[in-house]
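Asker: Here is the input, now give the coordinates:
(2 chains)
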Amino acid sequence: MDTGYRFLEPEALARVKNLSMVARGVVEGFISGLHASPYKGFSVEFAEHREYVPGDDPRHLDYKMLARTERLYIKQYEEETNMRVQILLDTSGSMNYRHEARITKLEYGCYLTAVLSYLMIRQQDSVGLTTFDTELRLDMPPRSSPRHFNEMMRQLEAIQPGGETNIAETLHRLANRFKRRCLIVLISDLYDEPEEVMRGLHHFRHRRHEVIVFHVFDKAELEFSFKDTVAFHDLETDERIQIDPTYVRDAYLEQIREFTETYRRECAESQIDYIMTDTSVPYDFMLSRYLAKRNRL
Amino acid sequence: MTFLAPLFLLATLAAVIPVILHLINRQRAKDLPFPTLRFLRIAAQKTRRRRRIQDMFLLLVRMAALILIALGLAKPTVTKLGSLLGAGSSTGVMIILDNSASMGVVDGERVRFETALGAARQILDELRDGDYVGLFLTGGPRFPEEGKLDRSPDKVFQILNQAAPSYERADLAVRIRQSRKALAKLDVRNKLIYVITDMQAACWEGYESLPEGTRLEDLDEEQRKELRIPVVIVDCQQSPKPNVAIQNVTAEATVPVAGVPIKADVLLYNASSAPQQRHLELYIDGVREVSSPAIEIPAEGTKEFSFQFRFRTGGRHRCEVRLVGEDGSTMDDRRFFAMEVNQNIPIAIVKAQAHEIAYLDDTFYLERAFTPTSGQDWALKPRILTLAELTSENLSQYLAVFLVNVPAPTAGLVERLRDYVQHGGNLVWISGENVRPAEYNAMNEQAQGKLLPAPLLDVREPEPGSGRESWLISSLDREHKTMKLFLEPATLYQTVLVYKYVRIDERAPEAGGVRVLARLDDGQPIFVERPVERGRVYFLGTSAHVGWTNLPLKPLFLPLFVRLSFDMLGVEQAQASILAGHPIVVHLDQEQRPSIVEVVPPSGQRTQLPTTDSQGSPLAEVRFHETYEPGIYTVKLLGGPQPKERWYSVNIDPEEANTAKIDRAELEKRFSPAGLVFAENPEDLSSTFKLLHEGESLWETFLWAVLIVLVFETFVSNYFSPKREEEELQYLGPYAARRGRRTAPLAAS
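Answerer: Next up, the predicted model:
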């Protein structure tokens, strides 16, 4: 069954249909009862029940439901169910790379964005999309309406790969933009100075946003199994270098390992979820596994 | 090293193929996009240096393999000779053919010299048109064309057809030097010396090595030119037949008189590795005189055997010792020697007059001493004469004249006695009552002092009341060849009593050269001698009868006079012995010069040698060189005041029996730094010729080198390449193996 959206595949949807993206920690609107909603007292209507999780304010326990079902439920109000997710999609030139995979990293990111967005909308959270390379190219604030979702899908389909990468500056700019706490999902190959990128991510964390990083590669970047002498040209700068891959492979892989380890380590220290993947791994499979694990924690 | 197919060296240019391929590969690199070059740049920088070294190393290895293949195809050869006999250029070859006596040994199936001739003919057959060739023999008659280099091998073939083993020892050093000098003058590119020999160590004695460490560059141009000529040794000694040789014969005749026993010592040498048994035969003047029993000679050892024999007649005799039995060589089975003996020793015993009663003769005891027991042959032949009979006697026929108690001879006899002594006669005066010192001195003066050893003083006898009744002989001349035989026991002469004697003035000026043979206990000489020109004069101060002494009754009397007579002989016992090939040297008496020296070798072909040089100046000596055949050579000195004849025995060099080979390493050391090659098979020199023309092939060596290089390249190339196993572990994707387990990437905790 065709979803009508290029980047929203039925198989992917089927895989994630029973999954949800739950914000962890402090998210504005999350009815943990730990923080008062700024919307308290204004059009706060009962929206639905949700299961009680430790930390929720016991004042919002629905004892009727408890009596009826013998299970603890929390009354959710309109505002408190609105998790805000902002997806930051790197559309720099390096994301437009594909060696032998079916799709480019950018397309992979788009698929990932689409399914994540769908998930958010389905669970009636807000989702926004920002694309960037050296500049912000698209900036859609988080919304939860179906029309917004349509627009997002349309924008995704229209995305063109850009020029060089400047993740760090983009992150800093965006971190200042989001006043309300959000869940920031960064989809990128992170080909920028790790220190600068992490500084940008720390900026989000400093502002108490939750951050998830999907570090996307093409398998060729991780294996570097080229055989013959090759003249590689940079997708962003168009620079060229001619090398015999067999002789630089070890050194190159060591560089990549160090690169990813740096991000892994820094993200772990900053309580940022770091997921490294490559385009040979089905995005839905990767996402479902991640969400399942995330939800178990 | 040289190359037989040098055109293939062009194939070394193939070594640039890897370089070209490398360059082509660089230009043909595929263009691929990549997300970012930042890591590639760093990785390339890190590996650039190592990669360059590895690339260069592999490039060089591959180039080396191609170069080695090209070199191998060019047929590399190496030789110790310094240069090969290249095709298309002339060659000068000198063949030195060892024809010493040892080459006459049967080796294998045939005589060694036949093998050598075969080898020489092979060398001649190998020559090409335009090549020069010469031949040296090491012994035997010299051929006029020997040692001369000629384009035509005909003359060499002629020599080979006539050559035969000689009885001489080879001196290869001389021939090699002569060959080098001859070839050095030749204007050809290739020069070679072949030495065909049995490698006998004795032949190489004259070849000495240069000081250790000498290089060709250290020598002068001429020496370098000569030493650059390589030498090929063709060893003809393989498996010699067992051989025994007569190395030496020495004959000793204490009394060289017919009928007197003579001893000949024969030294045998067994060159084989097993004991041998042989017989010896002694021939005198061609007639077999004595045969020996079987003689066992130890392996590689010597054995001496002594013959005892007599000459039946006086005169010169040709003697030959022969070894009986078949062995490796017949050339060393004979040895010659010559001896001259007297038929007997004629002596004259002269008395003043004959008595009717023999016992009363002064010569009674002396006659009996010189006369043998009847029926037996005796060397001494005494003739008893009176003084009167002596005047008409031919004195020259006598070896010695004993004048026993005679009065001083008349003037005529004195003159005759003087002549006799001057011409080699021996005069022995024995005292008695008739000897008056004054008369004798006058006689001696008449004979210019040539008849007495010393002036006589007076007759002496013990003075009454002196307590002395006689004198004793207290000492004998220890150095005199006759007197020294009677020194032991001392009682032999110390029991001789002298009652009366004539004193001799040994210190008189006229007694110059006198020798005291015996002295009395009062210090007075009792028996003296003096050489006078070619003869000798003796004086016994006491008598030969019992009137003045008891000497005739003593055991000393007979042997003393007999021995004295024998020792007077002075005849050459054994004629001069010379080795074959060595010259007979005849020293010429300047006073009695012969005008011609005639030499008669065993073959009988006479050769006359002049005794003056081309300017007419008299020569001090003449030399006869053609002593090629063993045997007795007669040398006649003719045309002088007194013709003479001398005999020389010429024999094979005894060292030729010892066929011990010189060590090859020793020979190489001696020849260093000149090139030396050993031909392995004298019957077939084709492999040697091939080596000379092509050198020792290195093709197989190069092929092995190529294989090793290629295998090495494989290993090195594999070593430099990243390993497959490591490639799998390098995958860093989400499902990268961590410690062997595939896990999904973990979310940050």
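Asker: Please count neighbours and contacts with C-alpha atoms only from this point.
Answerer: Noted.
Asker: Low-confidence stretches in chain A?
Answerer: A:1, A:17-48, A:76-82, A:297 (pLDDT under 70).
Asker: what's the longest helix in it?
Answerer: helix A:245-269 (DSSP state H).
Asker: tell me the SS of residue B:213?
Answerer: When classified by DSSP: H, G, I helix; E, B strand; the rest coil, residue B:213 comes out as coil.
Asker: hmm, back to that, say whether chain B is contacted by the longest helix of chain A.
Answerer: Yes. Helix A:245-269 comes into contact with chain B (C-alpha under 8 Å from any C-alpha of the partner chain), by way of A:246-253, A:255-257, A:264, A:267-268.
Asker: list the buried ones in stretch B:248-263?
Answerer: Going by neighbour count (16 or more other C-alpha atoms under 10 Å in any protein chain shown), the buried part of stretch B:248-263 is B:248-249, B:251-253, B:255-262.
Asker: typed the wrong thing, it's stretch A:184-198
Answerer: For stretch A:184-198, burial by neighbour count (16+ other C-alpha under 10 Å) applies to A:184, A:185, A:186, A:187, A:188, A:189, A:190, A:191, A:194, A:196, A:197, A:198.
Asker: Stretch B:548-568 now?
Answerer: Buried residues in stretch B:548-568, counted by 16+ other C-alpha under 10 Å: B:548-552, B:556-558, B:560, B:562, B:565-566, B:568.
Asker: do stretch B:46-66 as well
Answerer: So stretch B:46-66, judged by 16+ other C-alpha under 10 Å, has buried residues B:47, B:51, B:58, B:59, B:60, B:61, B:62, B:63, B:64, B:65, B:66.
Asker: do stretch B:613-628 as well
Answerer: B:622, B:623, B:624, B:626, B:627, B:628.
Asker: And for stretch B:662-680?
Answerer: B:662, B:667-679.
Asker: Where is pLDDT lowest across the residues you listed?
Answerer: Lowest pLDDT within those is found at residue B:673 (73).
Asker: which secondary structure element contains that one?
Answerer: Under DSSP states H and E, no helix or strand contains residue B:673.
Asker: okay if I get the buried residues of stretch B:46-66 as CSV plus distance to chain A, pLDDT and secondary structure?
Answerer: Listed next are the buried residues of stretch B:46-66 as CSV, based on distance: C-alpha to the nearest C-alpha, whole Å; pLDDT from 0 to 100; DSSP: H, G, I helix; E, B strand; the rest coil:
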residue, distance to chain A, pLDDT, secondary structure
B:47, 6, 81, helix
B:51, 7, 75, helix
B:58, 14, 82, helix
B:59, 15, 83, helix
B:60, 19, 87, helix
B:61, 19, 86, helix
B:62, 19, 85, helix
B:63, 21, 85, helix
B:64, 23, 86, helix
B:65, 24, 85, helix
B:66, 24, 83, helix
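Asker: Out of those residues, the closest to residue B:534 would be?
Answerer: Among these, residue B:64 lies closest to residue B:534 (C-alpha to C-alpha), at 92.9 Å.
Asker: quick one: the closest one from residue B:720, how far?
Answerer: 18 Å (C-alpha to C-alpha, to the nearest Å).
Asker: returning to what we had before: using ChimeraX, define a selection of the buried residues within the residues of helix A:245-269 next to chain B.
Answerer: Typed into ChimeraX, the line below selects the buried ones among the residues of helix A:245-269 next to chain B, using 16+ other C-alpha under 10 Å:
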select /A:246,247,248,249,250,251,252,253,255,256,257,264,267
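Asker: Could you pull out the strands in the stretch 151-297 of chain A for me?
Answerer: A:183-188, A:210-217, A:230-234, A:240-243, A:273-278 (DSSP state E, counting those that start in this stretch).
Asker: Filter the buried residues of stretch A:184-198 to keep only those in contact with chain B.
Answerer: Within the buried residues of stretch A:184-198, those near chain B by C-alpha under 8 Å from any C-alpha are residue A:191.
Asker: What is the nearest of the buried residues of stretch A:184-198 to chain B?
Answerer: residue A:191 (7.4 Å; C-alpha to the nearest C-alpha).
Asker: wait, what's in contact with that closest one?
Answerer: A:94, A:165, B:36 (C-alpha atoms under 8 Å, 6 or more residues apart in numbering or on different chains).
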